[in-house]
Structures are given as structure tokens and as C-alpha cells.
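A.B. asks: sequence unknown, structure follows:
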């Protein structure tokens with residue numbers, strides 16, 4: 001059954017095309033992981049988790065297992081967190097020798113890397129990304145920085161960090177192989193979309209109870225939740241930060257599919273997913289993310305062109321329902337007001353106060369320290385992955401951290417690659433049919449959002465904090481690559497029909 005045939009089934013249903021079985025399947029795996037970690041002895045759960053790896057190897061649903069480990073690393077409700085090796089309630093770590101150990105998510109990355117290299121089915125279906133040459137330039141830069149690092153001083157700990165970085169960055173290879181076409185991307189997005197509702201539910205739970213879900217199994221623990229004071233008001237407000245990386249995927253993925261007709265999801269469902277994802281980010285009170293998502297909307301409506309009025313009309317009912325929900329649920333209403341009060345400090349930054357009224361320390365405290373490290377480095381190639389880098393590194397100032405890590409040459413190379421990637425959709429939109437132009441152009445939104453967030457916390461470069469940020473970088477390139485493929489293939493099909 002093709003996309004057009006599927007699209008005629010249940011046409012009046014709001015949730016048509018929603019892959020309930022696969023979301024339930026993924027939820028079941030997450031529930032089993034929860035049981036293993038919190039209710040099974042550590043020695044046993046380590047062996048039980050290893051069973052997942054051969055399942056991943058033989059599975060044809062690579063997108064489902066990528067989503068599974070991605071959600072585990074998102075720590076929903078604070079679950080699956082724990083940084084200390086001897087913490088019994090964390091994802092398993094396996095020690096192979098003194099100083100050599102792997103977390104289960106790292107073993108997963110190794111498995112899908114080897115699978116991408118040797119499984120013939122995947123190799124047969126693979127076509128290299130359009131910007132393969134640009135990615136190879138960054139690979140050469142990465143190798144060059146590794147060679148420079150020992151000259152600046154490199155301990156065993158720094159070497160271990162480089163190995164883990166290289167493992168994470170291998171996702172640029174494996175994910176491009178495993179999610180290599182439109183169908184696989186849509187399946188991945190469909191299984192991710194319901195987590196927008198999960199994230200909102202977890203935020204409401206945290207606001208009502210004053211603690212995350214993890215406190216039910218680890219009393220007193222709060223893994224990712226923060227708090228902030230609001231200028232001019234007394235008291236401290238909770239920041240319910242939940243699954244932000246997943247929300248970037250659900251937000252941009254829903255916008256992408258709103259421009260595509262090659263799926264069977266209703267527009268109202270996609271709009272709801274999109275608005276819920278935005279609401280989750282708004283309620284977190286995270287300024288750089290909020291500004292980035294707002295800019296994402298502006299870019300989307302600008303590039304959607306003639307489709308914009310129709311999309312706005314389709315959105316009206318969903319927006320009204322969401323506004324009524326915000327007004328009707330006091331805990332959401334109060335949090336939105338508190339978050340907006342904090343986000344309003346961005347105006348002070350734009351007015352020249354880099355401290356945001358004393359609420360931001362990134363640019364007057366953190367950035368100068370990073371630049372001190374940069375000036376102590378090789379400058380041309382920065383500090384690489386040396387001890388100097390890890391001494392001065394600060395992921396709260398993304399662009400400064402990139403400069404410290406890769407120097408002037410590396411920083412300029414990153415800008416060049418990003419510029420080339422952003423240009424691809426516009427170059428192809430001039431060459432091929434008009435129908436897919438909005439899809440092509442709006443495919444850049446995810447990368448634009450990452451570039452904006454990088455002003456506040458590193459989401460671009462070799463050293464973003466956490467594997468999920470590497471996944472976001474790959475996803476942002478992947479969605480552009482697939483949009484171009486859709487356009488090119490569609491144009492070739494039209495030419496073939498015309499010749500007949």
C-alpha cells in the first residue's frame with residue numbers, strides 16, 4: 001500500500017496514520033527497561049540489557065531502536081539517570097579492563113555502526129548524502145585536532161574523552177545508513193510524535209508534585225529539573241525541563257510533514273504535536289530554546305510561501321483548544337506566565353545588558369574564561385582535545401567553545417560547511433519542480449534552530465554535551481538530505497511520465 005492509498009483510509013479521523021502499535025511497542029520496551037533498572041538486581045539487569053544488542057542487530061526496525069535509546073538518554077521524568085559508576089539505579093556500565101568501560105548506550109552505538117558497515121541489506125539501499133564532501137572536511141579537521149592535542153598536553157582521561165567523542169560522532173555514519181530515505185524518516189517521526197504529550201504530562205506532574213517521576217523510585221532525586229527566580233517577584237519557580245531534544249525533533253518533524261503529502265497523518269494532528277512541543281519548551285523557561293523555536297516559526301511561515309494562509313486556517317481550531325487548555329489548567333497557566341517573565345529578560349540583552357538584568361552569566365563570566373583558554377591555545381587550531389581544552393571548556397557558550405576546541409581554522413571550516421548545507425535546498429529548488437519547493441526550503445529549520453541554541457548551549461561542533469545533541473546534528477542534516485532526494489526523485493518520475 002503506497003502513501004496515497006493510505007491517505008484515503010479513515011480520512012475524517014483526527015489521528016489517522018498514527019502508528020499506535022509501534023508506539024505501544026516502544027513504550028513496552030521502555031517499561032521493561034524501567035523494571036530492569038529499578039526492580040531487578042544490578043548484576044542481573046546488566047545481563048538482561050545485553051539481550052537488546054542482538055535484537056537490534058537482527059531487527060529491520062532500526063528507527064524504532066534509535067528512538068528507544070534516544071528516549072532512554074532523554075531521561076523522561078528523570079528516569080534512567082545517574083552519573084556515578086556505583087549508582088545501582090542507572091543504565092548499565094560494563095568494565096572490560098581497568099580504565100576501559102562502556103555504557104549500554106555506547107555499546108548500542110557500536111552495534112549500529114558495525115551493522116551499517118557490514119549488513120548487505122543496508123549497504124544496498126544506501127546512497128551517500130549530498131554534502132558528503134563537506135562532512136569529509138570535518139572528519140579531516142577532527143583527525144587533525146586529535147594529532148595536535150598531545151602537543152598541548154593530553155592525559156589518559158582526555159584520551160578517553162576523545163574515544164567517547166569519536167564513538168558519538170560515528171552516528172553521522174550509521175544514522176545516515178539506517179534512516180536513509182523518506183519512508184524510514186516518516187516512521188521514525190511517527191513513533192517520536194506521541195512523546196510531545198508524554199513530555200507535557202511529565203511537566204504537569206513535576207509542577208503539581210514539586211518533584212520528578214524518578215522520586216517515586218529514588219526519593220529526593222531530581223535529575224534534570226532546575227529552578228529560577230523572577231525579577232521583581234518573591235520565591236523560586238520550578239523549571240520543568242523535560243525531553244527538550246525530543247521536542248526539537250517533534251517540533252521540526254511536524255513542520256516538515258506539514259509540507260509533505262507523502263504520508264497519512266492529518267494536518268490537525270501534526271499541528272497539535274507542533275504546538276504541544278512548543279508549549280513544552282515555553283514552560284521550561286529556557287530562553288535560547290524559546291527564541292530558537294520562535295525563529296523556527298518565522299522561517300517556516302516565510303518559506304512556506306503560498307501554503308501559509310491555508311496552514312493558518314487549519315491551525316485555528318487547534319490553537320483555540322490549546323489556549324483554552326492553558327487558561328483552564330491553572331498549573332499550566334501559572335507556569336506559562338512565570339516562564340514568560342524569565343524569557344522577557346532577553347529584551348535587556350538586546351538592549352545592551354549582556355547580564356539580562358543579572359540573570360545571565362554566560363557572556364560576562366563564562367565566555368571570558370573560555371576565551372582565556374583559547375588565547376593560551378595554538379589559536380590557529382585551538383586547544384583540540386587536550387587537557388587545556390577540558391580545563392577551560394564550557395558548553396554554556398557554544399560558539400566560544402567551538403573556537404577553543406578547533407581554533408580559527410576549525411571555526412571557519414564549520415561556518416563554511418554550515419553555509420554550504422543551508423544553500424543546498426535553495427540550489428535544488430531552482431532546478432526542479434515547484435511543487436516541492438516549500439518542503440525543500442523549510443527542511444533547513446532544524447539546523448537554523450540548532451545554530452540559535454548554540455548561542456546559549458553548545459549544539460554545534462565536535463563537543464556538544466551528550467549523545468542526543470549529536471543525534472540532533474545528524475537529524476538536522478538528514479532531513480535536508482531527504483528533502484532534496486524527494487524533490488529530485490519526484491522530478492525524475494515526472495520527466496519519465498512526460499516522455500511516455
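C.D. replies: Happy to help now that I have it. Every value quoted in this text rests on a predicted model; they were computed, and no experiment measured them. Numbers count the residues shown, from 1 in each chain.
A.B. asks: So which other helices or strands are in contact with the helix or strand containing residue 206?
C.D. replies: For residue 206, the enclosing helix or strand under DSSP states H and E is helix 195-209. With contacts taken as 3 or more CB pairs under 8 Å, 6 or more residues apart in numbering; DSSP states H and E, helix 195-209 sits against helix 244-258, helix 267-284, helix 330-343. Where you see a C-beta, it was placed from the backbone N, CA and C, and this is true even at glycine.
A.B. asks: Try it again at 10 Å.
C.D. replies: helix 20-39, helix 62-74, strand 236-239, helix 244-258, helix 267-284, helix 330-343 (3 or more CB pairs under 10 Å, 6 or more residues apart in numbering; DSSP states H and E).
A.B. asks: starting at the chain centroid, how far to it?
C.D. replies: Relative to the centre of its chain, helix 195-209 is centred 19 Å away, using CA atoms, centre = their mean, to the nearest Å.
A.B. asks: how about the helices in the stretch 251-400 of the chain?
C.D. replies: With DSSP state H, counting those that start in this stretch, the ranges of helices along the stretch 251-400 of the chain come out as 267-284, 287-304, 308-328, 330-343, 346-350, 367-375, 387-392, 398-431.
A.B. asks: If we go by neighbour counts, what in the last one is buried?
C.D. replies: Right, the one you point to is helix 398-431. For helix 398-431, burial by neighbour count (16 or more other CB atoms under 10 Å) applies to 398-407, 409-411, 413-414, 417-418, 421, 424-425, 428-429.
A.B. asks: now do the second one
C.D. replies: Within helix 287-304, the residues that count as buried by 16+ other CB under 10 Å are 287-294, 296, 299-301, 303-304.
A.B. asks: Quick one: distance of it to the chain centre.
C.D. replies: Here helix 287-304 is found 16 Å from its chain centre; the criterion is CA atoms, centre = their mean.
A.B. asks: average pLDDT across that helix?
C.D. replies: The average pLDDT for helix 287-304 rounds to 92.
A.B. asks: Which strands and helices lie in contact with it?
C.D. replies: Here helix 287-304 touches helix 244-258, helix 267-284, helix 308-328, helix 330-343, helix 346-350, helix 398-431, helix 437-442, helix 445-453, going by 3+ CB pairs under 10 Å, 6+ apart.
A.B. asks: Equivalent analysis for the first one, please.
C.D. replies: If contacts are counted by 3+ CB pairs under 10 Å, 6+ apart, helix 267-284 sits against helix 182-192, helix 195-209, strand 236-239, helix 244-258, helix 287-304, helix 308-328, helix 330-343.
A.B. asks: from memory residue 442 sits against residue 256, does it?
C.D. replies: Yes - applying CB atoms under 10 Å, one finds residue 442 in contact with residue 256, separated by 6.7 Å.
A.B. asks: Could you save the buried residues of helix 287-304 as TSV and add columns showing distance to residue 76?
C.D. replies: Output for the buried residues of helix 287-304, formatted as TSV (distance: CB to CB, whole Å):
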residue	distance to residue 76
287	23
288	22
289	17
290	21
291	25
292	22
293	20
294	25
296	23
299	29
300	27
301	31
303	32
304	32
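A.B. asks: Residue 101 sits in which helix or strand?
C.D. replies: Per DSSP H and E: residue 101 is located in strand 100-103.
A.B. asks: Check which helices and strands that strand is in contact with.
C.D. replies: Against strand 100-103 (3+ CB pairs under 10 Å, 6+ apart) you get strand 93-97, helix 104-118, helix 156-169.
A.B. asks: at 6 Å instead, please
C.D. replies: Where contact means 3 or more CB pairs under 6 Å, 6 or more residues apart in numbering; DSSP states H and E, strand 100-103 is packed against strand 93-97.
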